[in-house]
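# test case, fold it:
(chains A, B, C and D)
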2 protein chains.
Amino acid sequence: MVNRSSTTTLAFALLGLISQKPYSGYDLRKFFSSTPMTSFSDSPGAIYPALRRLERRGLIRGRVDAGKDRRKRRLFEATPRGRAEFRRWQLQPITRDDVVHHVDSLMLRFAFMDESVGRAIALRFLKALHKELASYIPTLHQYLKANRSAMPLSGRLALESGILGYESLFRWTKAAIAAYQKEN
Amino acid sequence: MVNRSSTTTLAFALLGLISQKPYSGYDLRKFFSSTPMTSFSDSPGAIYPALRRLERRGLIRGRVDAGKDRRKRRLFEATPRGRAEFRRWQLQPITRDDVVHHVDSLMLRFAFMDESVGRAIALRFLKALHKELASYIPTLHQYLKANRSAMPLSGRLALESGILGYESLFRWTKAAIAAYQKEN
DNA sequence: TAGTCCATGTAAGATGTTACATGATTCA
DNA sequence: TGAATCATGTAACATCTTACATGGACTA
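Numbers count the residues shown, from 1 in each chain, chains lettered A, B, ... in the order given. The predicted model follows:
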């Protein structure tokens, strides 16, 4: 997973959600299966063991929700250590490797920033991402230029689609920075 | 992995490359570590066992390359069964689930189409992807519209970045279809 | 000759997938 | 009362990560 800590992306997604408000395992499964744009598994065989690991590490705490009506369920809350661990992850510097291989993780880190670390840091994150993309994208164009003539049409188009995706992300960072600066 | 067959995306990437020309395990590692836009692991602990599994299933065949100079290495070639398996995977219908969770796989399937199944089928694939995206993207906008006001700025922007990525891909399919139709 | 690249592999451990299992509650 | 949904879990299995290991060939 190359997360620098031993925590999985799934585990950070769970921790991020639980840091906002209490969730049960079932809630989290529903969230992953119903919300678009989440690439996480909603299978019980992934969620429940991951929650148990987070609890064992003291990052979340489960308590039984004795709702009168419905069947009893375990609601998980983040501990101070859990919130601190999540913030630590969010605040890691953005590396080239993040941009090349872990864009999803970067977006997850960003998605919860307003609530957990505040807008100033969210803005700083966007600027760092903008800068890293600005240095990465030209290398993609260089690669395309060097290999273009040797590639079949489908291969070349597939590569171009990846480049367009990064360029779309680059434009997004500019718009997002503007959105933060307008609201400051 | 949800690949409908038991083959991993990494295994299909290996099989696709080997279907074009012989590669050694080391070649494949170098390919994954040097080429931009590949999300695959270049670690020997992933590559070599995956190659052995493909060989055991009769999809590739390794022979020792007795180059005079360099140390001997195993060059892998695709068997007819291996090529057929790869084509079968490429020809699977595009599902909503593919578009939501496995865009990378779709691009991998497409990248090798010219060489393995031909341009007509590549074009058909692009049209199917175009159609699926056209039906999926509005649901993302609906979700955004319904939840926009309840989301913090960072969360909303993260969601919008995902939507922009799909819209970028959608524009790409149009351009790619045009590129095929120009060359037909 | 020392370091780097070529080249292939294994071992331990963690995680995720698929499938199965259980029982309560709600609703038709 | 039967089906669907709520809710949590386990077991077997495959795969991937990280780290270690080996040895030949090239080059400064």
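
# rest of the way, CA atoms for contacts and neighbours
OK.

# now residue A:117: phi and psi?
Main-chain dihedrals, residue A:117, degrees, to the nearest 10: phi -120, psi -10.

# over to residue A:23?
Residue torsions, per degrees, to the nearest 10, at residue A:23 are phi -130, psi 150.

# and it, what does it touch?
A:17, A:75-77 (Cα atoms under 8 Å, 6 or more residues apart in numbering or on different chains).

# sitting in strands, which of those do you find?
Assigned to strands by DSSP state E, the following of those qualify: A:75-77.

# reformat the contacts of residue A:23 as TSV; add distance to DNA strand C and neighbour count.
TSV is the format used below for those (distance: Cα to the nearest atom of the strand, whole Å; neighbours: other Cα atoms under 10 Å in any protein chain shown):
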residue	distance to DNA strand C	neighbour count
A:17	15	17
A:75	15	20
A:76	17	23
A:77	19	23
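
# which one of those is nearest to residue B:132?
Here the nearest of these to residue B:132, counting by Cα to Cα, is residue A:17; it sits at 30.0 Å.

# domain map for chain A?
For chain A, automatic domain parsing gives the domain ranges A:4-90, A:103-183.

# would TSV of those domains with mean pLDDT and distance to residue B:66 be doable?
Shown next, in TSV, are the domains of chain A (pLDDT from 0 to 100; distance: least, Cα to Cα, whole Å):
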stretch	mean pLDDT	distance to residue B:66
domain A:4-90	92	40
domain A:103-183	97	28
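
# make a markdown table from these and add distance to residue B:159 to it.
Converted to a markdown table, the domains of chain A look like this (distance: least, Cα to Cα, whole Å):
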| stretch | distance to residue B:159 |
| --- | --- |
| domain A:4-90 | 7 |
| domain A:103-183 | 8 |
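
# tell me the contacts of the residue nearest the centre of chain A?
What sits nearest the mean C-alpha location of chain A, by Cα atoms, centre = their mean, is residue A:108, with 1.7 Å. By Cα under 8 Å, 6+ apart, the contact set of residue A:108 is A:13, B:158.

# I'd assumed residue A:75 was in contact with residue A:65.
Yes - assessed by Cα atoms under 8 Å, residue A:65 is found in contact with residue A:75 at 6.1 Å.

# where do the helices sit along chain A?
A:9-20, A:25-34, A:44-56, A:80-90, A:96-101, A:103-111, A:113-116, A:119-147, A:153-183 (DSSP state H).

# show me the contacts for residue A:122.
Here residue A:122 is in contact with A:110, A:113-114, B:154 (Cα under 8 Å, 6+ apart).

# what about stretch A:145-152 and chain B, any contact?
Yes - residues of stretch A:145-152 contacting chain B under Cα under 8 Å from any Cα of the partner chain: residue A:152.

# and the contacts of that stretch?
Against stretch A:145-152 from outside (Cα under 8 Å, 6+ apart): A:156, B:114-115.

# again with stretch A:56-76
A:15, A:18, A:22-25, A:51, A:54-55, A:77-83, A:85.

# from the residues you listed, which would you call buried?
A:15, A:18, A:22-25, A:51, A:54-55, A:77-79, A:82-83, A:85 (16 or more other Cα atoms under 10 Å in any protein chain shown).

# and of those, the nearest to DNA strand D?
residue A:25 (3.8 Å; Cα to the nearest atom of the strand).

# pretty sure that closest one contacts residue A:46?
No - between residue A:25 and residue A:46 there is no contact under Cα under 8 Å: 10.4 Å.

# so who does the nearest residue to residue A:166 once chain neighbours are set aside touch?
Among residues not flanking residue A:166 along the chain, residue A:137 sits closest, at 7.0 Å (Cα to Cα, 6 or more residues apart in numbering or on different chains). By Cα under 8 Å, 6+ apart, the residues touching residue A:137 are A:163, A:166-167.

# how close does residue A:137 get to residue A:99?
Noted for residue A:137: a distance of 10 Å to residue A:99, by Cα to Cα, to the nearest Å.

# for residue A:26, same thing?
Residue A:26 is 32 Å from residue A:99, by Cα to Cα.

# next one: residue A:7
19 Å.

# who in chain A is up against DNA strand C?
A:6-11, A:41, A:43-46, A:50, A:53, A:69-71 (Cα under 7 Å from any atom of the strand).

# and which of the residues you listed is nearest DNA strand D?
residue A:45 (3.5 Å).

# contacting residues around stretch A:159-178?
Residues contacting stretch A:159-178 (Cα under 8 Å, 6+ apart): A:123, A:126-127, A:129-130, A:133-134, A:137, A:140-141, A:144, B:37, B:111, B:157, B:161, B:164-165, B:168-169, B:172.

# got the CA coordinates for stretch A:37-49 in PDB?
The C-alpha trace of stretch A:37-49 is given here as PDB (Å, rounded to 0.1, in the frame of the first residue of the first chain):
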ATOM      1  CA  MET A  37     -17.000   8.500  -6.100                       C
ATOM      2  CA  THR A  38     -15.900   6.200  -3.400                       C
ATOM      3  CA  SER A  39     -13.600   3.400  -4.500                       C
ATOM      4  CA  PHE A  40     -13.900   1.500  -1.300                       C
ATOM      5  CA  SER A  41     -15.200  -1.900  -0.700                       C
ATOM      6  CA  ASP A  42     -18.500  -2.200   1.100                       C
ATOM      7  CA  SER A  43     -18.100  -5.900   1.900                       C
ATOM      8  CA  PRO A  44     -18.400  -6.900   5.500                       C
ATOM      9  CA  GLY A  45     -15.200  -9.000   5.200                       C
ATOM     10  CA  ALA A  46     -13.300  -5.700   4.600                       C
ATOM     11  CA  ILE A  47     -15.100  -3.300   6.900                       C
ATOM     12  CA  TYR A  48     -15.600  -5.200  10.100                       C
ATOM     13  CA  PRO A  49     -12.000  -6.500  10.400                       C
END
